[in-house]
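In: Mind folding the following:
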Amino acid sequence: MNHTRHTVEIAPVNAKIAIGEPAQNLHVNPESIATIAPAKISSQCCVFAESEVVTLVNEGINLIDIVAGVHDSIVRRLAATSGTIGIVEDVVMTGGCAKNERLVGSLGKQLKVDIKAVDVDPQLVGAIGAAVIAQEKASAA
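Out: Presented below is the predicted three-dimensional model:
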């Protein structure tokens, strides 16, 4: 079994689900999305989680259920990490995962907070922050 091929097959489905693409564009039966049964992904390490995904694919588990399981796994990890530092209102999420509306919504439910959207591309927030800090340091010098 070619594990790389299976991982490559899942990636586009995950990307399309992340941006909320309609089911018909996923080449998935729309009824299957309504009955999602997230697959259990227990590994915290992404390498071991990928191995679990490959196993699930080889077992014939529905790709939508696998993607939902990956999302649930990410949400559990983010919630656990967030819990160690504490949650204070207003909560925002940055980075690539912040573009995934389903993931942001699931995390908000898990943390029992409303996660606010940022006014810029969430993937640029770190770079913008670094530029602001660099400008402040340059101005102070």
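
In: Run a quick neighbour tally on the nearest residue to Ala117 once chain neighbours are set aside.
Out: Ranked by Cβ to Cβ, 6 or more residues apart in numbering and with sequence neighbours excluded, the top spatial neighbour of Ala117 is Val92, at 7.6 Å. C-beta here means a position set from N, CA and C on the backbone, and glycine is covered the same way. Neighbours of Val92 under the rule other Cβ atoms under 10 Å: 12.

In: next one: phi and psi at Val92?
Out: phi -130, psi 160 (degrees, to the nearest 10).

In: which residues does it contact?
Out: Ala98, Ile115, Lys116, Ala117, Val118 (Cβ atoms under 8 Å, 6 or more residues apart in numbering).

In: For the third one, give me the pLDDT.
Out: Right, the one you point to is Lys116. In this model, Lys116 is scored at 91, pLDDT.

In: Just give the nearest non-adjacent residue to it, would you?
Out: Per Cβ to Cβ, 6+ apart, closest to Lys116 is Val92, 5.0 Å.

In: next one: the second one
Out: Spatially, and ignoring its direct neighbours in sequence, Ile115 is nearest to Gly108 (4.5 Å; Cβ to Cβ, 6+ apart).

In: Over to the first one?
Out: Once flanking residues are discounted, Ala98 sits nearest to Pro122: 3.5 Å by Cβ to Cβ, 6+ apart.

In: Looks like the one you found contacts Leu103 (just checking).
Out: No - in this structure, Pro122 is not within contact of Leu103 by Cβ atoms under 8 Å, at 11.6 Å.
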